[in-house]
Structure formats: structure tokens, C-alpha cells
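Peer 1: quick one, structure for this:
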Amino acid sequence: MSVFAEELFSAISKGDGDVTVTARDGTVLHANSFILQTCSPVLRAELTGCMQESLTKCITLDCDGPEAQAFIYFLYVGELHPDSFSGLNFLGNQAHLADYYGVIEQFVILLSKETNRERYIAAVDSECPDQDPVVVMKILEQLQPAIAIEKRLATEILERATIRFGSNVYCYLCRCQKNGVAIREATNEACKRVCSKTQMTCTEALSALNNEVNDDSVSKVIKANLEKPSQAMQGLVQFMQVCGLLTIRSPMMDQVVQQRRNPGKGYASIVKVDTDGSPLMLEFRSGQEEWEKLDNVHILWSNSLFTEFANLAALVQAQVAATTGAEDHA
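Peer 2: Have a look, this model is predicted:
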């Protein structure tokens, strides 16, 4: 740390500085415009451009007082304030501020330093064991700007969370869909590791899947993200992937459109054709499948494993229709 760090930071609490910084809770701080605009390209634009802040020398931070003070400390001193590790929510808010003000890469570099990683791991250990998947995903969402640069930040949280097949994997895989590529990848990898350690057979995997995917669980997933209810279907497909029950051979579609039965071939799924003309290809572990083309859609015929998928997909679709329909009428 700089030998002048304490002097620089004490200037904030003394009220030294030509810029007034107001936090969301009404806390007022003062900072030096030269330091702010030198460190942050966004603050530079605000304080030197044609925005109102350049005239009033007043800026507002979308956080509470302690978080605002910690963020200004970061800009002044080039270190993370010790309070940043008081909780993952606090750290997540710091990450969002760093992302908004164009200094997220510097923030992640500091977070990767050995002493700070030890503090981060301690905060993770205190908050994540035995946490509900909803809570864990909210923590990951808070840290998303930093995780997008360093996926290991998500991995370390998920390794300490309690992921159990037959209990909460479907919830994890559905809720991770909206939180960015890095979080989705980290969640899928974490579930695969748990599956690998468990060494589930096909029958055990299907049992876990049927335990988790039901009217209640699907309804909760849809209600949590009504703007994109197809995540309930994506979670189902991801569940079968991490268990090794199927492989996606081409880009995953948003949803299976419908299922039907043919006496000679069994169950089928009619799927949408992708924008590049490539249909969804599902390759199931325990049997054969084939394609038939019909009026610009593709039909996949398969075995008893697909029958399980078709039944669950129909359940998901029914819940999507029921839940979103009820919201529309409300």
C-alpha cells in the first residue's frame, strides 16, 4: 500500500475535495476531481464533459454510505477497502460500481491478489455452505461483473454450496440461465463434478430428475423470471446433459414445441428450426434416434429415455402456459 494511503483517504472524511459525492442513503462525502477523473473514464466524462456534473461538481453513487466510501477508497488508494470483505453482498455492490465506472478490470486484479483472495474465500466460507440455491444465485448475480472476467470467483462459491441431485440441481440450472455465460458455465461444471463424484447410473439420474422436476418446482422457476419462462425448459435439458443422459449436437433451442406418439415409432418431439436452418439434435445415451423432415420442422423419434424427457417437457410446457396465462389475466 502507498505510504500516503492514510493521508489520501483521510482527506475524504475531512471533507477535502471539490466534488460532492452523495450516496443513496443521503451520506455526503467530498473527493478530489483530479483523482476521480484520472482513475475512472466514466467520472472523467461526467466531470469534464457537457454533463450536469461538470457544472455542479456533484455526483451521486447508487449505493449506501459505507459502500460509497469504500469505492472512493479504491479509486484513491488503488486497494480494496477492508470493509469490502465484510460480506459478499457488499463486495458485489463494489463490483457493480467498478463495472459502471469503467474500472472493473482493475477491481478484479486487486481481488486476485493473494491477501484479498484469502479474505474472499473467508467471506465465501461464512456465507455459502448449505445455502439455498436462490441465495447462492443472488450472490453470484451480485458478483457477475467480476465473474465475467474471472470465472474462478463463481467456482469457489459453487464448490462450497450444497449441490444435491434429487434436491436442488434443477433449481441451480434454471436460475443460472439469466446470469451470464461465465456463471452458467461455472454452474454446469459444478453440477457435473457432483454427478461424477456420485457416479449415478442412468436409472439413478432419471430418478433424481423426476424428484426435482414437478409442477411446484417448475412454477417457482417460471415465476422467478417471467420475462423468459423458457429457462424452465433449458434447465431440464441442462439437467440431462450434466447427468450424461443426452448430448446437444447443435445450438440449443428455446423450447420443445410439442410431443406426439406414433404407434409404430413411439414418442416424438417436434422442434423449431434454428435461424441458420439447423434443428436441435438430442442424442440420448441409451438408444437410437432418427430425423424426419416435415414442413420446415424436424421430428425426433427415440426410445424410452426420450419418453421420460417428453413427459417432463410436456409438464414444463403446461406450467409455462398456466403460469404465464395467469399473469396475463392478472
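
Peer 1: give the contact list for the residue lying closest to Cys39 once chain neighbours are set aside.
Peer 2: Once flanking residues are discounted, Cys39 sits nearest to Leu75: 4.5 Å by Cβ to Cβ, 6 or more residues apart in numbering. Bear in mind the C-beta positions are built from the backbone N, C-alpha and C, glycine included. When contacts are counted by Cβ atoms under 8 Å, 6 or more residues apart in numbering, Leu75 touches 31, 35-36, 39-40, 103.

Peer 1: Leu75 in helix, strand or coil?
Peer 2: Here Leu75 is helix, with the state taken from DSSP: H, G, I helix; E, B strand; the rest coil.

Peer 1: for the one 4 residues further on, same thing?
Peer 2: Here Glu79 is recorded as coil under three-state DSSP.

Peer 1: is it true that it touches Gln106?
Peer 2: No: with contact defined as Cβ atoms under 8 Å, Glu79 does not reach Gln106; the gap is 10.5 Å.

Peer 1: shared neighbours of these two, anything?
Peer 2: With Cβ under 8 Å, 6+ apart as the test, Glu79 and Gln106 reach no residue in common.

Peer 1: what about the residue nearest to Leu80 when sequence neighbours are not counted, which helix or strand?
Peer 2: In this structure, Leu80 finds its nearest non-sequential neighbour in Leu110, 5.1 Å apart by Cβ to Cβ, 6+ apart. Following DSSP states H and E, one finds Leu110 within helix 104-111.

Peer 1: ok and the very next helix or strand once past that helix relative to helix 104-111, angle-wise?
Peer 2: Following helix 104-111 in sequence order, the next helix or strand is helix 114-127 (DSSP H and E). Following axes from the mean of the first three to the mean of the last three Cα atoms, to 10 degrees, one obtains 90 degrees for the angle between helix 114-127 and helix 104-111.

Peer 1: please compute how far helix 114-127 lies from its chain's middle.
Peer 2: Relative to the mean C-alpha coordinate of its chain, helix 114-127 is positioned 20 Å out (Cα atoms, centre = their mean, to the nearest Å).

Peer 1: mean confidence for that helix?
Peer 2: Throughout helix 114-127, pLDDT has a mean value of 89.

Peer 1: neighbouring contacts of the helix or strand just after that helix?
Peer 2: Scanning forward in sequence from helix 114-127 by DSSP H and E, the next helix or strand is helix 133-142. Residues outside helix 133-142 that contact it (Cβ under 8 Å, 6+ apart): 88-89, 91-93, 95-96, 127-128, 131, 147, 154, 157-158, 161, 168, 171-172, 175-176, 179, 183, 186, 224.

Peer 1: can you check what angle separates helix 133-142 from helix 114-127?
Peer 2: Going by the same axes, to 10 degrees, helix 133-142 makes 160 degrees with helix 114-127.

Peer 1: return the set of buried residues in helix 133-142.
Peer 2: 133, 136-142 (16 or more other Cβ atoms under 10 Å).

Peer 1: surely Ala95 touches Pro145?
Peer 2: Yes: here Ala95 lies in contact with Pro145, judged by Cβ under 8 Å, at a distance of 4.8 Å.

Peer 1: name the residues of the helix holding Leu110 that are buried.
Peer 2: So, applying 16+ other Cβ under 10 Å, buried residues of helix 104-111: 104, 107-108, 110-111.

Peer 1: which one of those residues is nearest Gln52?
Peer 2: Closest approach between the buried residues of helix 104-111 and Gln52, by Cβ to Cβ: Ile104, at 24.8 Å.

Peer 1: okay, now the unreliable bits of this protein?
Peer 2: Low-confidence segments of the chain, defined by pLDDT under 70: 1-5, 8-9, 11-13, 15, 129-130, 226-227, 246-306, 324-330.

Peer 1: circling back: now the residue nearest to Cys39: how far from Thr201?
Peer 2: Distance, Leu75 to Thr201, by Cβ to Cβ, to the nearest Å: 55 Å.

Peer 1: do His96 as well
Peer 2: 43 Å.

Peer 1: could you find the closest non-adjacent residue to Val181?
Peer 2: Per Cβ to Cβ, 6+ apart, closest to Val181 is Ala148, 7.7 Å.

Peer 1: also Asp132?
Peer 2: Asn168 (7.8 Å).

Peer 1: burial count for Tyr172?
Peer 2: 25 (other Cβ atoms under 10 Å).

Peer 1: quick check: the gap between it and Pro145.
Peer 2: 21 Å.
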